[in-house]
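Chemist: sequence below, structure please.
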Amino acid sequence: MKVLYFDVETTGLNPNVDFVMQLSGLIEVDGEIVDEFNYFMQPPKGTAVSTEALKVTGKTIEDLRSYPSAQEGFDKFTELLNKYVKYGSWSDKFYPAAYNGNFDLQFIDQMFKRQFAIDKWGYYQNWQLIDPLPVFRALSYAGVIKTYGHKLSTMCDHFGISLEAHDALSDVRATRDLVQVLKNGLKLDLWGNSQ
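Modeler: Presented below is the predicted three-dimensional model:
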């Protein structure tokens, strides 16, 4: 099984007008991490850049201007994907994995559409998103875990996982650790408290 863990830091919240400024991830093949990537990208001209997004990520406009072009980052990303899956194959694809992954998927999907003018992101991944967030929400609803909210940082604190919040690569590593917690099974006592 091939899993692509990924996270994006973006210039805002709308994938139609904002863009990816950092794209990071891990590639796992049969349970082993075989590659890691961390691309910073200069948003294309005309991209909206939210001051709030810069504040959250600790980046400046000067930082964004210093990054390699979006095309260069995109080319490196697709070159890496092609190294592990056969482009266009119906059976050789990644399982995408991300925390609150629909957000990230929308941005990567838009990035592919902007670069190719059609959707080729689907040639690399099977759309069977592995996302621990809805699982944690369900466990919370069932009273199995008790946390104040379900942000990535909250869940990492709950399970003792290290995280440097709002850095895409740190978020990816933490997400993989959370997926492993779920995959290996939560140890529960009789009162339903996770250990």
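Chemist: tell me which helix or strand of the protein sits lowest on mean pLDDT?
Modeler: Counting by mean pLDDT, DSSP states H and E, the chain has its least confident helix or strand at helix 101-116, which shows a mean of 88.
Chemist: quick one: average pLDDT of the next helix or strand after that helix?
Modeler: Proceeding N to C from helix 101-116, the next assigned helix or strand is helix 132-141, under DSSP states H and E. For helix 132-141, the mean pLDDT works out to 95.
Chemist: for helix 132-141, packing partners?
Modeler: If contacts are counted by 3 or more CB pairs under 8 Å, 6 or more residues apart in numbering; DSSP states H and E, helix 132-141 sits against helix 168-183. In short, each C-beta sits where N, CA and C put it, glycine included.
Chemist: buried residues in the helix it packs on?
Modeler: For helix 168-183, a neighbour-count test (16 or more other CB atoms under 10 Å) marks 168-179, 181 as buried.
Chemist: go on, stretch 114-127?
Modeler: So stretch 114-127, judged by 16+ other CB under 10 Å, has buried residues 115, 121, 123-125.
Chemist: now the residues you listed in CSV, with distance to Ile145?
Modeler: Listed next are those as CSV, based on distance: CB to CB, whole Å:
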residue, distance to Ile145
Gln115, 40
Trp121, 33
Tyr123, 37
Tyr124, 33
Gln125, 29
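Chemist: name the nearest of these relative to Asp131.
Modeler: The closest of those to Asp131 turns out to be Gln125 (CB to CB; 13.1 Å).
Chemist: if I pick the closest one, what's in contact with it?
Modeler: 4, 93-96 (CB atoms under 8 Å, 6 or more residues apart in numbering).
Chemist: bridging across strands, which residues link to it?
Modeler: Using DSSP bridges, the beta-bridge partners of Gln125 come out as Phe94.
Chemist: got the confidence number for Gly12?
Modeler: Gly12 carries a pLDDT value of 93.
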